[in-house]
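Student: Sharing a model prediction with you, sequence too.
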Amino acid sequence: MAPLVALDRASLTLGIQTLLDRVSLGVSAGERIGVVGRNGGGKSTLMRTLAGRQPVDSGRVVRSAGVSVAMLDQGDELPAGATVGEIVLGSLAEHEWAGQARVREILTGLLGDLDASAFGGWANTVEGMSGGERRRLALARVLIEDPDVLMLDEPTNHLDVEGVAWLAAYLAGRRAVPGSASGGLLVVTHDRWFLDAVSTRTWEVADAQVNAYDGGYAAYVLAKAERDRVAAVTQERRANLMRKELAWLRRGPPARTSKPKFRMDAAAALVAAEPEPRDSVELARFATTRLGKDVFDLVDATLDLGERRILDDITWRIGPGDRFGIVGVNGAGKSTLLSALLGEVRLRAGRLKTGKTVQAARLSQDLRELDAVAGMSVIDAISAVRSFTAIGGKEVSASQLATRLGFTGGRQQARVSDLSGGERRRLQFVRLLMDEPNVLMLDEPTNDLDIETLTSMEDVLDGWAGTLLVVSHDRYLLERMTDRQVAMLGDGSLRDLPGGVEQYLELRRAREGRKASASAAQSAGPTGSAVRTDASPARQRDARKALDRLDRQLAQIARQEDEVHTQMVAAATDATVMTRLSGELSALHARRAALEDQWLEA
């Protein structure tokens with residue numbers, strides 16, 4: 001199928017960095033494409049270029065006639081003074097959005113209910129809302145818009161594990177079949193579980209080019225490994241040939257003058273074809289201070305945050321070498337729990353016992369550990385911890401370590417405050433490890449890090465001998481780095497999760513189901529009569545049953561419409577079949593309209 005939107009030999013340079021070099025690619029109907037690559041490598045720029053927000057220097061951006069494109073940018077700002085309803089629903093009247101099962105699904109999944117009560121209601125303004133709340137509103141807006149091509153830049157930022165799981169299921173269900181008449185999806189994310197759950201193809205942005213792979217993250221890793229293996233074999237042969245050519249050329253000045261010109265040209269071509277070296281990032285294993293038999297013991301602990309109860313009479317013992325992942329909804333108190341273990345927040349009741357040999361370090365969400373060195377250069381910020389350290393049995397200077405971290409040449413003299421988010425995160429992590437802690441707390445460590453650096457971080461911590469506590473919404477990272485997971489469910493409990501993150505999601509679904517049942521029972525009033533309607537209890541029950549039945553029928557109609565669209569694409573050149581399918585589609589549209597009227601009445 002012709003792509004919905006495409007680049008044709010597009011080139012783009014911003015500042016002194018070439019981000020796209022004669023790139024040709026496209027997004028077709030039904031494709032769900034995940035975009036990966038290094039921070040600063042051009043992932044977001046590629047997306048903005050396809051969306052028409054960033055003009056190219058040469059080449060062109062091609063969009064099929066009538067195709068709509070919408071993009072959720074990392075830096076999208078919500079209009080000041082706008083209400084929740086204006087942002088999410090725009091000009092849609094209530095009868096328009098309430099009759100669409102798709103819109104109701106989005107509102108329930110991202111806002112919690114159809115009244116936006118968790119956000120203060122439809123008339124509430126966005127002033128004072130957190131980054132996570134603003135992100136959910138912006139995401140709901142672009143999903144409700146439902147364009148032909150949907151582009152999402154880091155959509156999982158600020159979403160908890162539950163929100164990420166819902167978004168993955170929604171996108172995989174709505175834009176399902178490659179080659180079908182459904183829309184296309186392009187998503188930039190560092191969340192590898194999300195990539196696997198959503199993507200049917202993966203684009204890797206590197207060295208101003210885009211390499212395409214079939215499948216999600218797991219398939220991409222396998223295919224890239226095989227591609228690298230083949231490239232390594234080719235490079236080895238090429239290097240051998242280069243060595244022979246250069247050795248032949250260096251056999252004395254007298255012989256050189258008589259060499260055939262084609263030999264000189266061949267050697268020059270080999271050297272010229274060598275790619276320019278790029279900064280490589282290598283995270284290293286540092287020593288770990290010896291840890292005794294005791295780490296943290298929380299005994300009968302009660303912990304409050306303001307008026308909210310975070311822990312209620314909880315006993316939790318953390319031993320040497322334990323690797324715990326901590327999950328929970330946003331605001332459940334995960335970061336506060338880490339602060340309590342460090343003694344930064346006092347318990348309301350109970351006690352905390354900390355081992356005598358514990359030397360803890362915390363990687364915070366907001367990079368506050370770097371505030372004290374913000375005015376220093378990179379090299380000085382590293383030297384402030386240690387001027388020399390031992391890695392792999394060899395002494396390494398601060399400058400050598402900075403080079404291994406990707407800070408080469410003049411970047412070592414750059415101020416810490418001028419570094420990108422990913423560079424600051426990398427520097428923050430290594431400075432913590434250089435201090436040789438034996439307990440490491442990582443609070444949302446995936447923020448600002450690309451997949452390559454995340455993989456390096458995980459590799460380092462695989463061989464780390466200390467105790468590890470990780471707070472993250474990244475399921476892949478939690479299951480990769482930790483041995484056990486615990487959940488903070490927002491009710492003061494700390495629940496062990498033998499079944500991992502999937503068990504947590506099941507607990508949350510069960511909890512929300514009980515809340516919905518309790519709310520329905522409460523709305524019926526003490527005598528069973530409705531509080532907000534004059535309908536009898538029997539009629540209310542009938543209406544609820546009708547709503548359930550109509551939701552199922554509307555979902556079935558949507559599936560049938562998708563099937564007909566797919567058949568129409570396959571039979572585009574057969575007029576007889578197209579006439580029949582058009583009739584079927586019209587009948588389905590009429591049936592859906594009738595069902596939506598019945599749903600509104602119910």
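Tutor: It's in. Numbering: from 1, shown residues only.

Student: mind showing which ranges of the chain have poor pLDDT?
Tutor: 1, 76, 175-181, 241-282, 287, 391-393, 514-535, 569, 572-573, 575 (pLDDT under 70).

Student: what about stretch 208-222, how long is it end to end?
Tutor: Distance across stretch 208-222, first residue to last, is 22 Å (C-alpha to C-alpha, to the nearest Å).

Student: mind listing what's buried in that stretch?
Tutor: 208, 210-211, 213, 215-217, 219-221 (16 or more other C-beta atoms under 10 Å). Every C-beta, even on glycine, is put in place using the N, C-alpha and C of the backbone.

Student: contacts for that stretch?
Tutor: 18-21, 23, 25, 34, 36, 42, 46, 192-193, 195-204, 223-224, 227, 476 (C-beta atoms under 8 Å, 6 or more residues apart in numbering).

Student: In ChimeraX, select just the buried ones from those.
Tutor: Of the contacts of stretch 208-222, the buried ones can be selected in ChimeraX as follows, counting by 16+ other C-beta under 10 Å:
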select :19,20,21,23,25,34,36,42,46,192,193,195,196,197,198,199,200,201,202,203,204,223,476
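
Student: Give the full set of residues in contact with the closest residue to Gly41 other than its chain neighbours.
Tutor: Excluding its sequence neighbours, the residue lying closest to Gly41 (C-beta to C-beta, 6 or more residues apart in numbering) is Val205, at 5.1 Å. When the contact criterion is C-beta under 8 Å, 6+ apart, the partners of Val205 are 35-38, 41-43, 46.

Student: Can you convert these into CSV and add a column each for secondary structure and distance to Glu77?
Tutor: Below are those laid out as CSV (DSSP: H, G, I helix; E, B strand; the rest coil; distance: C-beta to C-beta, whole Å):
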residue, secondary structure, distance to Glu77
Val35, strand, 23
Val36, strand, 26
Gly37, strand, 25
Arg38, coil, 26
Gly41, coil, 25
Gly42, coil, 23
Lys43, helix, 20
Leu46, helix, 22
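
Student: now, the most widely separated pair of those residues?
Tutor: Arg38 and Leu46 (12.7 Å; C-beta to C-beta).

Student: show me what contacts Thr446?
Tutor: 190-191, 454, 472, 474, 477.

Student: Export the residues you listed to JSON lines and append columns for secondary structure and distance to Ala361.
Tutor: As requested, the contacts of Thr446 are arranged in JSON lines below (three-state DSSP; distance: C-beta to C-beta, whole Å):
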{"residue": "His190", "secondary structure": "coil", "distance to Ala361": "23"}
{"residue": "Asp191", "secondary structure": "coil", "distance to Ala361": "25"}
{"residue": "Leu454", "secondary structure": "helix", "distance to Ala361": "19"}
{"residue": "Ser472", "secondary structure": "coil", "distance to Ala361": "17"}
{"residue": "Asp474", "secondary structure": "coil", "distance to Ala361": "20"}
{"residue": "Leu477", "secondary structure": "helix", "distance to Ala361": "18"}
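
Student: Compare those and tell me which is most surrounded.
Tutor: Highest neighbour count within these, by other C-beta atoms under 10 Å: Asp191, with 29 neighbours.

Student: Thr446 versus that residue, what's the distance?
Tutor: Counting by C-beta to C-beta, to the nearest Å, the gap from Asp191 to Thr446 is 7 Å.

Student: Now the common contact residues for these two.
Tutor: Joint contacts of Asp191 and Thr446 (C-beta under 8 Å, 6+ apart) are Asp474.

Student: burial count for Val358?
Tutor: Using other C-beta under 10 Å: Val358 sits among 21 other residues.

Student: Double-check that it belongs to a helix.
Tutor: No: assessed with DSSP: H, G, I helix; E, B strand; the rest coil, Val358 is coil; it does not lie in a helix.

Student: which SSE is the residue lying closest to Arg346 once chain neighbours are set aside in?
Tutor: Among residues not flanking Arg346 along the chain, Ala340 sits closest, at 7.9 Å (C-beta to C-beta, 6+ apart). Ala340 is part of helix 334-341, with elements assigned from DSSP states H and E.

Student: Nice, that's everything, thank you.
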